[in-house]
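Engineer: 3D model of this:
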Amino acid sequence: MANTVDAAIATMIANYEKNTGKPLEAWVALARKEKLAKHGEIVKWLKEKHGLGHGYANLAAQRTLAGEAPEPAGEDLVAAQYAGAKAALKPAWDKLAKEIAKFGADVEFSPKKAYVSLRRKKQFGLVQPSTADRLDIGINLKGVAAKGRLEASGSFNAMVSHRVRITKAAEIDGELIGWLRAAYDQA
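Structural biologist: Numbers count the residues shown, from 1 in each chain. Modelled structure (predicted):
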């Protein structure tokens, strides 16, 4: 699923008015009237003053500053994560992203430089190509004891409670998707 992030963004844009009360262009126009100069300021303003979720505020902030301080496109960040030595992990990312997208229209894929944050109203997981042969899936799963391959996150990442390490797409199974779905439901 080569354009998973682009598809998720297109879904967000299509659902803007239903989920936020206004289309994306209206939020961009409002934000531009505020004359805020930094991405973080716009996100904070949209979240605090207007109650937007992080994903919607983030996208509106990116569009508000487009041409002034361009952000790398989501798919470009994902492509960079799976370039070079980590290219063999891309099929695993594609399979995982496709399964996660099935959880609901409110799933937000928020690519960062080193990982992709998985969000609903709050972050429920993340996917990080940590080495050339290992993908780490962080899961924010409260109330579930670490057991077997669902290990405590430890020093891996403080934003999640658990981690699952995978080396190939075949390891993305019903058990892993079940843990991610439970975290999504808790978010």
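
Engineer: run through the strands of the chain in chain order.
Structural biologist: Assignment of strands within the chain using DSSP state E yields the ranges 108-111, 116-119, 123-131, 134-139, 151-152, 162-166.

Engineer: now the spatially most distant residue from the centre of the chain: how far from residue 26?
Structural biologist: Distance from the C-alpha centroid of the chain peaks at residue 33, with 28.0 Å (C-alpha atoms, centre = their mean). To residue 26, residue 33 is 11 Å away according to C-beta to C-beta, to the nearest Å. Every residue, glycine included, has its C-beta placed from N, CA and C.

Engineer: and the residue farthest from the centre of the chain, how close does it get to residue 66?
Structural biologist: 16 Å.

Engineer: so how far is stretch 120-135 off the chain centroid?
Structural biologist: A distance of 9 Å separates the centroid of the chain from that of stretch 120-135, by C-alpha atoms, centre = their mean, to the nearest Å.

Engineer: correction: the previous question concerned stretch 141-153.
Structural biologist: Centroid separation for stretch 141-153 versus its chain: 21 Å, with C-alpha atoms, centre = their mean.

Engineer: now it: mean pLDDT?
Structural biologist: Throughout stretch 141-153, pLDDT has a mean value of 95.

Engineer: show me the contacts for the nearest residue in space to residue 157 that is not next to it in sequence.
Structural biologist: Nearest residue to residue 157, sequence neighbours excluded (C-beta to C-beta, 6 or more residues apart in numbering): residue 138, at 5.0 Å. Taking C-beta atoms under 8 Å, 6 or more residues apart in numbering as the contact definition, residue 138 lies against 115, 125-128, 153, 156-157, 159-160, 162-163.

Engineer: hmm, back to that, which stretch in the strands of the chain has the least confidence?
Structural biologist: Note on those: lowest mean pLDDT is at strand 108-111, with a mean of 90.

Engineer: neighbouring strands for that one, and are they parallel or not?
Structural biologist: Here strand 108-111 is paired, per DSSP bridges, with strand 116-119 (antiparallel).

Engineer: alpha carbons of the partner strand, as CSV, please.
Structural biologist: C-alpha atoms of strand 116-119 as CSV (Å, rounded to 0.1, in the frame of the first residue of the first chain):
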residue,chain,number,x,y,z
VAL,A,116,5.2,7.1,12.3
SER,A,117,2.9,8.0,15.1
LEU,A,118,-0.5,6.2,15.2
ARG,A,119,-3.2,8.5,16.6
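
Engineer: hey, where'd the helices end up in this structure?
Structural biologist: Secondary structure of the chain, counting by DSSP state H: helices at 4-20, 24-34, 39-50, 54-65, 74-81, 90-101, 174-186.
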